[in-house]
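> only the shape, not the letters, is given here:
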């Protein structure tokens, strides 16, 4: 489980004077380029729905791919209801034949016990 990660611990922080408390983005692991419409603002901590939106937009650009590697510093929390959030959404959807491999970057994995 996550241990002392600010992204998880500060998700409900009160920062009323800020329009955004951070950003999230989806980029190509091979080329490092950001996908169109896949950069989002966070409001009051990292919002999973914002990253869902970014990931969905990235998938629109790579739709013929059958295997996707998704790395995220709070993947252990993000993935818990990922499929349920997509299934419940009227807008977001996943290709039926896609396989998503997931992981946590080396820098962030040391915060886990």
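Alright, I've got the coordinates. Just so it is clear, the structure is predicted and the values come from calculations on it, not from any experiment.
> measure the residue nearest the centre of the chain to residue 64 for me?
The C-alpha lying nearest the average C-alpha coordinate of the chain belongs to residue 51 (C-alpha atoms, centre = their mean; 3.9 Å). To residue 64, residue 51 is 23 Å away according to C-beta to C-beta, to the nearest Å. In short, each C-beta sits where N, CA and C put it, glycine included.
> swap in residue 89?
22 Å.
> quick one: which of the two has more around it?
More crowded of residue 89 and residue 64, by other C-beta atoms under 10 Å: residue 89, with 13 against 5.
> contacts only, for the more buried one.
Neighbour list for residue 89: residue 52 [criterion: C-beta atoms under 8 Å, 6 or more residues apart in numbering].
> do that again at 10 Å, thanks
Residues near residue 89 by C-beta atoms under 10 Å, 6 or more residues apart in numbering: 49, 52-53, 56.
> swap in residue 102?
By C-beta under 10 Å, 6+ apart, the neighbours of residue 102 are 68-72, 75-76, 78-79, 82.
> part of a strand, is it?
Yes: residue state for residue 102 (DSSP: H, G, I helix; E, B strand; the rest coil) corresponds to a strand.
> look at it and report its pLDDT.
If you check residue 102, the pLDDT there is 93.
> next one: the one 5 residues further on
On pLDDT, residue 107 comes in at 70.
> rewinding a little: isn't the residue nearest to the centre of the chain right up against residue 41?
No: judged on C-beta atoms under 10 Å, residue 51 makes no contact with residue 41 at a distance of 11.2 Å.
> overlap of the contact sets of the two?
Taking C-beta under 10 Å, 6+ apart as the contact rule, residue 51 and residue 41 both touch residue 24.
> which stretches of the protein have low pLDDT?
Across the chain, the ranges flagged by pLDDT under 70 are 1-16, 44-46, 108, 111-113.
> strands of that one, residue ranges please.
22-27, 34-42, 67-71, 99-103 (DSSP state E).
> now those strands in CSV, with distance to residue 93?
Listed next are the strands of the chain as CSV, based on distance: least, C-beta to C-beta, whole Å:
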stretch, distance to residue 93
strand 22-27, 16
strand 34-42, 15
strand 67-71, 14
strand 99-103, 13
